[in-house]
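Asks: Model the structure of this input:
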Amino acid sequence: MKSMNQPETGSFIKTPQACACPDTVRIVSWNINRGQLLKEVVDFLAGTAADLVLLQEADLHARRTHYRNVAREIAQALEMNYVFGCEFEELAQGQNRTPAYHGQATLSRFPLSRPHILRFHRQSSFWHPRWFIPRARPFQRRLGGRMALISSIDLPGPKLMVYNVHLESRGNDSLRCSQLCEILDDASQHASDVQVVVAGDFNADLRCEPADSAIGKTGFCNPLACISTLPTTVPSRFSGARTIDWILTRGPLIACGPKLHNSIRASDHYPLSLTLQSR
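Replies: Below is the predicted model:
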């Protein structure tokens, strides 16, 4: 990476895209837990026929994932365009002069343009390096901060803006709502005829206050609300299952068929999916 604020881009599209506007756009969002079970992640995604894939916690050059470029490898396997944005430099995961990172990756069968990072103003200080904490793997010392990876998807029809989101896991709901409001404020610049998708790991139940009111004021809908009683994370011996992953939509397209794929165990989160189609 040349800079933590400069997204990495690439393309593995082999078949030219048709010029006609697609009738539907299928979306999958998933926190893949660094990509530690990469084959299983790719196998699931390959079977979804997704047009747009939003991944959180994708590793780059990290020891725990064998120094792979997880976003690039998934994009290559699926023959998609991709953009990767760094959330953190992982100080105990690199080797020699090659730093390790993790962040968000957006993959698309359609061209991606103008990718950029919205790094939140309010951040937790939990991950910061400190002189009295060893830079060892269990302590997860990091540089950087939570962010949204923003991309424009160049459809031959309605313009589609995508916010690939990972809110803070430490701190309180006030901090997370502040980060959510930064995303919603940025999304408010787009006209009503622009389709906007905000999806990812929010580390919060968006049915609860103050997040619910913040979303309601902006015109976004939450298609996953109908199945929101189901947890989106896999329970562990350290914590119970939680409902913290979401896909929010706003614009001229209708969100159909929201689904939680809670039979997939390739991460500590379950994948979410839905389809956007014309009204």
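Asks: On the three-state scheme, the nearest residue to residue 120 once chain neighbours are set aside is what?
Replies: Nearest residue to residue 120, sequence neighbours excluded (CB to CB, 6 or more residues apart in numbering): residue 179, at 4.4 Å. Placement of C-beta: from N, CA and C, glycine included. Per DSSP: H, G, I helix; E, B strand; the rest coil, the local secondary structure of residue 179 is helix.
Asks: Could you do residue 33 as well?
Replies: Residue 33 - assigned by three-state DSSP - is strand.
Asks: Let's test this: what are the backbone torsions at the residue lying closest to it once chain neighbours are set aside?
Replies: Spatial nearest neighbour of residue 33, excluding adjacent residues (CB to CB, 6+ apart): residue 267 at 4.0 Å. Residue 267 adopts backbone torsions of phi -160, psi 180, taken as degrees, to the nearest 10.
Asks: Any figure for the gap between residue 267 and residue 231?
Replies: Per CB to CB, to the nearest Å, residue 267 is found 13 Å from residue 231.
Asks: ditto for residue 72
Replies: Distance from residue 72 to residue 231, by CB to CB: 31 Å.
Asks: what does residue 174 give?
Replies: Taking CB to CB, one finds residue 174 at 23 Å from residue 231.
Asks: Now the strand or helix carrying residue 86: buried residues?
Replies: Using DSSP states H and E, the element containing residue 86 is strand 81-95. Using 16 or more other CB atoms under 10 Å as the test for burial, strand 81-95 gives 81-94.
Asks: so what does the helix or strand that it is followed by touch, helix or strand wise?
Replies: Sequence-wise, the next helix or strand downstream of strand 81-95 (DSSP H and E) is strand 98-108. Here strand 98-108 touches strand 52-60, helix 70-78, strand 81-95, strand 147-153, strand 160-166, going by 3 or more CB pairs under 8 Å, 6 or more residues apart in numbering; DSSP states H and E.
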